[in-house]
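J.: Give me the fold of what follows.
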Amino acid sequence: MDTPAEEPKAFYFPDTMANWPWPRAINPHFEEIKEASDGWFRSFKAFRPQSQKAFERCDFCAAKHLRTACDLINVYFIIDEYTDVESGDVTGEMIEVAIDALNHPHKPRPKGEVLIGEVVRQFWELAIQTACPTSQSHFITHFTDYLHSVVAQAADRDLGYCRTIEEYLAVRRDNIGTHPAFAILHLGFDISDDIYYHPVVHEMKGYVTNILIVDNDVLSYNRERATGDENHNLLTVIMHELHVDLAGAVEWAVNFHTEMEQKFISSFSRLPSWGPTIDRQVKEYLDGVANWARGNVSWSFECRRYFGEKGREIEKSRLIPLLPKVKLNPELHKQDVVVANIVL
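T.: Modelled structure (predicted):
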């Protein structure tokens, strides 16, 4: 009888961004805005002290628009942590609260409601003060799609369902939250729908979204596997459908990443011209989209969410250790949820 293959202790992930033309950069307003955004989020007391400290170690965060972007990452975080431990039905109830708050940012939230409602309400009430009309419209559309995808993820979790690659990418393109983030990139200038949804522009955002899915899912795999949420990860989906091992799944993902990079860069030559002013705005917008891909990878190594204190070391070696699996307390929900503190 064949003995099962010994599970690897680490896996290799090549530098997918080695040839990406957009380098790592820090907004000069970052430290100031990070402090303001963190202070705002801390005021909710969304987590117990130990989990709040684990959250703050992750370093989530024109200045007014940077504040909206930083706040959005905090909003994503609380939605993820609160819903990751819930059933599909309970997650659906939470998401309906978030959708209502998004569409009624000036309406007081009911007493006793899940905290997500007030967090989303305050976030959007502040954001719309400096957001142009089209960016508001685009954000609401995309953020609502993202919220619905969170419910789909919870439903899959209830069933223990592992999607096919095609099925997974379809829901993950909303679930990763890039399109609401991309709407944030044009807070300061209107992009009309005929440009925003132009086939080439739309394709380019799709290519970068796929790039982000690969990088995020590979770099978060060890954490998600350790905490029992690995079914909602591209590597697991590839292994399940193609019957390959972890190294084979990484190889498939890297090849897909390379294909998306090439398509994104070559698409610039296919963009039409809308005149000098609009062309500059579209270029600024698409540069922001491209920078989001770079920022995602840099943040993943430099924060402590995935690799604890060893992110920079792993960024150089490209060897990602596999954490031992941990058993989370299923009785802990909402503010009591445990935010895993990664120690390698």
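J.: Listing request: residues of the stretch 1-150 of the chain with sub-threshold pLDDT.
T.: Low-confidence segments of the stretch 1-150 of the chain (pLDDT under 70): 1-7, 29-30, 41, 44-63.
J.: one more time with 90, if that's ok
T.: Low-confidence segments of the stretch 1-150 of the chain, defined by pLDDT under 90: 1-9, 24-67, 69-70, 73-74, 77, 80-82, 84-85, 130.
J.: what pLDDT, on average, does the one helix or strand residue 278 maps to get?
T.: In this assignment (DSSP states H and E), residue 278 forms part of helix 276-302. On average, the pLDDT along helix 276-302 is 95.
J.: Downstream of it, the next helix or strand is which one?
T.: Next along the chain after helix 276-302, taking DSSP H and E as the criterion, comes helix 311-317.
J.: quick one: contacts of that next one?
T.: 300, 301, 302, 303, 304, 307, 320, 321 (Cβ atoms under 8 Å, 6 or more residues apart in numbering). From N, CA and C alone the C-beta is placed, and that goes for glycine too.
J.: Buried among these? Make that a ChimeraX selection.
T.: Under the burial definition 16 or more other Cβ atoms under 10 Å, those of the contacts of helix 311-317 that qualify are selected in ChimeraX by:
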select :300,301,303,304,307,320
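J.: In a markdown table, list the contacts of helix 311-317 along with distance to residue 259.
T.: Formatted as a markdown table, those follow (distance: Cβ to Cβ, whole Å):
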| residue | distance to residue 259 |
| --- | --- |
| 300 | 21 |
| 301 | 23 |
| 302 | 27 |
| 303 | 28 |
| 304 | 31 |
| 307 | 27 |
| 320 | 22 |
| 321 | 28 |
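J.: closest to residue 126 among the contacts of helix 311-317?
T.: residue 303 (23.7 Å; Cβ to Cβ).
J.: helix, strand or coil for residue 320?
T.: strand (DSSP: H, G, I helix; E, B strand; the rest coil).
J.: my bad, should have said residue 11
T.: strand.
J.: Show me where the stretch 101-250 of the chain has its strands.
T.: Assigned by DSSP state E, counting those that start in this stretch, the stretch 101-250 of the chain shows no strands.
J.: how about the helices of it, start to end?
T.: Residue ranges of the helices in the stretch 101-250 of the chain, as given by DSSP state H, counting those that start in this stretch, are 116-127, 133-159, 165-175, 178-184, 193-196, 199-226, 234-242, 246-267.
J.: just the ones you listed: most buried one?
T.: Per residue and on average, the most neighbours among the helices of the stretch 101-250 of the chain fall to helix 178-184, with a mean of 22 (mean count of other Cβ atoms under 10 Å).
J.: and that helix, what other elements does it pack with?
T.: Helix 178-184 sits against helix 63-83, helix 133-159, helix 199-226, helix 276-302, with contacts defined as 3 or more Cβ pairs under 8 Å, 6 or more residues apart in numbering; DSSP states H and E.
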